[in-house]
Each structure stands twice: as structure tokens, then as C-alpha cells.
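*Asks:* Build the 3D model from these lines:
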Amino acid sequence: MIKRVSNVAGGNEAARFAAETGVAADHPVVQVEEHWRCPPPSAAGSVTGDRIAVARWARVPGDAQEVSSRCDDRFCIVGISLTPATVRFQHGGNVIWDGPVMPGSIQITAPGESVSVSYSTSCRVMHLFIEPDLLARRYEEAEGALREPLGAIANPRIFRDVAVERFATALEEVNPVADTSGRLFADSICDAIVARLLARAAERTPRAERHAAPLPAWRLRRALDFIEANLAQPIGLADVAASTGLTRMHFAAQFRSTTGYSPHAYLLRRRIEHAQMLLRSSTLSVLDVALSCGFGSHAHFTTVFGRMVGESPNNWRTRMLQGK
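*Replies:* From the prediction side, this is the model:
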């Protein structure tokens with residue numbers, strides 16, 4: 001007998017998950033989904049364009065259960081199996097998998113696509129809810145070469161990745177650390193999962209697609225001037241490209257060919273350099289510095305600053321001021 005639930009993971013799934021795993025169902029960092037593949041409430045407001053929302057869903061032993069979901073148009077959803085399970089997975093009405101899946105098995109759904117799955121065993125899965133623009137920015141930060149990052153990773157087929165499995169396991173371990181450090185840890189792991197998925201996609205991109213003509217000097221100057229004038233604004237690739245009169249795709253490829261940086265990587269570098277100036281010469285808090293340099297959250301600013309500078313903004317500021 002199959003129990004069918006449309007977009008619902010069972011009436012008391014959160015409580016079941018807590019009983020099964022010992023993790024509080026109302027945990028604020030990695031939440032438990034009340035409905036299968038539905039974004040947690042935090043995704044609507046606190047993501048602020050710079051945070052990847054993450055939640056989990058579980059099914060305990062019992063009758064076979066079929067769940068379905070029409071994904072939110074706002075998000076690309078990455079589903080990661082945390083335990084072995086036997087499933088029948090449908091994407092757009094077509095069966096794409098019918099059989100056992102192992103921990104680390106991944107299924108990625110583009111915004112707005114319909115999926116359903118029948119579980120005949122107990123299971124536990126994790127879902128990452130990623131805005132397409134955030135996906136593009138993360139790839140540019142890594143100086144990647146995909147033309148369309150979303151299209152490159154949103155292949156509905158199920159595959160397995162050991163590195164992603166380990167990252168997902170680490171996300172489970174963030175549960176006891178619900179403070180600021182725990183959130184930073186979770187954000188970093190989510191970014192690492194996205195980086196891994198995008199790197200896999202880049203490996204499949206033909207090398208011929210990665211070359212482009214240089215950007216003419218006058219267009220380059222327009223782009224650089226636009227970036228300098230908008231360091232504190234939440235500008236994106238489309239905005240910088242528009243300032244030069246080019247499409248996003250052509251501008252990004254030509255900018256990289258000319259400068260060696262993706263547009264977003266260059267923008268981040270200039271924002272971090274501006275942030276260093278503010279940290280040394282002002283009394284603004286780290287959060288205010290982040291907002292003044294165009295970052296949407298303290299967590300994203302701290303992550304980028306640490307990657308580029310090698311230490312946290314607070315530590316860097318303290319060291320610089322002591323050296324005066």
C-alpha cells in the first residue's frame with residue numbers, strides 16, 4: 001500500500017525526525033521540513049540573496065509513501081540522500097530512477113520543475129535551496145568558466161558524489177552549534193557543496209567554450225568606472241554588462257579574457273580592498289563595513305574576506321591598528 005502525500009512529508013514529520021535523530025525539530029540553522037522539498041520559512045526573508053537555505057526531511061519505517069512537489073520558482077533545489085533508501089523518482093512525469101540509492105546520491109531540480117518520489121524504505125534527505133543569481137555569483141567568485149551555471153548543474157539525473165556526502169554529514173553536525181559560529185560554519189559548508197557541484201559541471205565544459213576575444217579598452221574603462229562608482233551597491237553581472245552595452249554572457253567572457261578575473265571576482269576584490277580601508281580608517285562595526293561595501297550579510301563578508309586576506313575582518317583590523 002502506497003500513501004500519497006502532495007507536497008507533504010507527513011503530518012508529524014518534524015516530530016518523527018526529532019525522535020529518530022535526537023535533533024530538535026525547531027533548530028534555527030538546519031530546519032526540518034514540514035512539507036517535502038518546501039523551502040523553510042527563513043528562505044523567504046533572511047537569505048537576503050547571500051545565504052543558501054538548508055533543511056531536512058525524513059521518513060520512518062511504515063507503508064510506502066509517495067510525495068510530490070512543484071518547486072518554488074525562486075530556487076534551484078539540491079537534494080542529497082543522507083541514508084540508503086529504495087526510491088522511485090519522477091521528474092516532469094518521467095521516471096528517472098527506480099531502485100536503491102546510496103548516501104551521497106544527489107538530484108538537482110531547476111526552479112519551477114515538478115518532481116515526485118515514492119519511498120519504500122525509511123530515509124533521510126537534505127535539501128539546499130539556492131537562488132539562481134546566487135549560484136551565478138558563487139561561480140564567478142571561483143573564477144569559473146561556465147556560460148550558464150544553473151543550466152550546467154540542473155541535470156535531473158541522479159548521481160553520487162563522495163565529497164558532497166561528507167559535506168552534508170558535516171552540516172548535520174552543525175545542529176548543536178546554533179550560535180553565530182554555527183551559522184558561519186553552515187554557510188561555509190553550503191558554499192563548498194555548491195562549489196563542488198559547479199566544479200563537476202565545469203569539468204564537462206568543452207575547452208573551446210572557455211575562450212573569448214579581449215574586451216575593447218573603452219568598454220573595459222566603462223566597466224571599471226561603473227564598479228568603482230557602485231562598490232556599496234548590490235550590483236550584479238547584468239548591471240556591469242549593461243554599462244558596457246554587452247549581454248551578460250559576452251561581457252563576462254571578454255572581461256575574463258582581458259583581465260584574468262571574472263567580473264564578480266574583480267568586484268569582490270575591489271570591495272574587500274575598500275573594506276580594508278574602512279576597517280583601518282573608521283570606527284564602523286564589521287557589519288556596517290560589510291553593508292558599506294555591498295555585501296548582503298555579515299557571514300558572506302566574513303567568508304570572502306577570510307578567503308582573500310587569510311584572516312577574519314576583526315583579527316585583521318586589530319592587527320593593523322596595533323601596528324600603527
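
*Asks:* all contacts plus neighbour counts: C-alpha atoms, from now on.
*Replies:* Fine.

*Asks:* In contact with Thr109, which residues?
*Replies:* Contacts for Thr109 (CA atoms under 8 Å, 6 or more residues apart in numbering) come out as 71, 76-78, 154-156.

*Asks:* What residues are bridge-paired with it?
*Replies:* Ile77 (DSSP bridges).

*Asks:* can you tell me how far it sits from Val194?
*Replies:* 14 Å (CA to CA, to the nearest Å).

*Asks:* what does Arg56 give?
*Replies:* Counting by CA to CA, the gap from Arg56 to Val194 is 17 Å.

*Asks:* Quick check on the two: which one has the bigger neighbour count.
*Replies:* Arg56 (28 against 21; other CA atoms under 10 Å).

*Asks:* can I assume the more buried one is in contact with Val32?
*Replies:* Yes: assessed by CA atoms under 8 Å, Arg56 is found in contact with Val32 at 4.8 Å.

*Asks:* Extract the residue ranges of the stretch 101-250 of the chain that are flagged as low pLDDT.
*Replies:* 140-149, 151-152, 175-180, 204-212 (pLDDT under 70).

*Asks:* Please, where are all the helices along it?
*Replies:* 132-141, 149-153, 162-172, 180-203, 217-229, 237-244, 248-259 (DSSP state H, counting those that start in this stretch).

*Asks:* what residues are up against Ile193?
*Replies:* 164, 167.

*Asks:* Strands along the protein, start to end?
*Replies:* 2-6, 31-32, 53-59, 64-70, 76-81, 85-91, 94-101, 105-109, 114-119, 123-130, 159-160 (DSSP state E).

*Asks:* now these in TSV, with distance to Pro214?
*Replies:* Output for the strands of the chain, formatted as TSV (distance: least, CA to CA, whole Å):
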stretch	distance to Pro214
strand 2-6	51
strand 31-32	46
strand 53-59	37
strand 64-70	42
strand 76-81	32
strand 85-91	41
strand 94-101	42
strand 105-109	34
strand 114-119	41
strand 123-130	32
strand 159-160	37
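
*Asks:* of all these, which lies closest to His300?
*Replies:* Among the strands of the chain, strand 53-59 comes nearest to His300, with 13.4 Å by CA to CA.

*Asks:* Distance from that closest one to the middle of the chain?
*Replies:* The chain centroid and the centroid of strand 53-59 are separated by 15 Å, computed with CA atoms, centre = their mean, to the nearest Å.

*Asks:* That one vs strand 123-130, what angle?
*Replies:* If you take axes from the mean of the first three to the mean of the last three CA atoms, to 10 degrees, strand 53-59 sits at 160 degrees to strand 123-130.

*Asks:* With only the CA atoms kept, save strand 53-59 in PDB.
*Replies:* The C-alpha coordinates for strand 53-59 follow below in PDB (Å, rounded to 0.1, in the frame of the first residue of the first chain):
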ATOM      1  CA  ALA A  53      18.800  27.900   2.900                       C
ATOM      2  CA  VAL A  54      19.100  24.300   4.000                       C
ATOM      3  CA  ALA A  55      16.500  21.900   5.500                       C
ATOM      4  CA  ARG A  56      16.000  18.100   6.000                       C
ATOM      5  CA  TRP A  57      13.200  15.700   5.500                       C
ATOM      6  CA  ALA A  58      12.900  12.100   6.900                       C
ATOM      7  CA  ARG A  59      10.600   9.100   6.600                       C
END
